[in-house]
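# Below: sequence and its predicted model.
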Amino acid sequence: MTQQQMSKLLDISDRTLRDWKKSRQRLYELLESIDYREAKRKINAVDTNDVIDFDPTDYSHNLFWQTNQKSKQKVYSIISKYLSSMDPNDIKILCKQFGKNLVKSVLRDKYKKMYAKGFISTNGMDIPLSGTFEKNEMYRRLIGIINDC
């Protein structure tokens, strides 16, 4: 397993893993030798590309308007939609269900793509983006909520 996979799967910060690589070499080597897919299956973890049974009753409101019942949804879509709502309670549920690191990685990916495009398109109007996504006020607020989980 790579360090990035360990971080996502086990919800361990990169900083902690770097420390383990130096001070707890045997533990780090053990984790590194484990196959990612097998570890994911054993601990019943999900990745952003996985499709899972989504229950809208777990959240404050249903952002998947197609149905009010359980449905199959991609993990990335669930996290992305509920991050967009900016509801702190829903974001805490995301962190509990998928882990902080996975939620952070979806947030980071979403903002990187937005800033790479250079603008946000809303109802035919393009709003230009400048600077870096890490300095965006909404991004910083969302990271704060995730860190507080």
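That came through, no problem.

# can we go C-alpha only for contacts and neighbour counts from here?
Noted.

# Need the residue closest to the centroid of the protein.
V103 (2.0 Å; Cα atoms, centre = their mean).

# My read is that that residue contacts C95, right?
Yes. Using Cα atoms under 8 Å, V103 makes contact with C95 at a distance of 6.4 Å.

# Touching both of those two, which residues are there?
The contact sets of V103 and C95 overlap at I146 (Cα atoms under 8 Å, 6 or more residues apart in numbering).

# Heading C-terminal from the longest helix that the chain contains, find the next helix or strand.
When the chain is parsed with DSSP state H, its longest helix is helix 100-117. Next helix or strand after helix 100-117 toward the C-terminus (DSSP states H and E): strand 119-122.

# Direction included, what does that following strand pair up with?
Using DSSP bridges, strand 119-122 pairs in its sheet with strand 125-128 (antiparallel).

# centre of the chain versus the next helix-or-strand element following the strand it pairs with, how much separation?
Later in the chain than strand 125-128, the nearest helix or strand by DSSP H and E is helix 137-147. Distance of helix 137-147 from the chain centroid (Cα atoms, centre = their mean, to the nearest Å) equals 12 Å.
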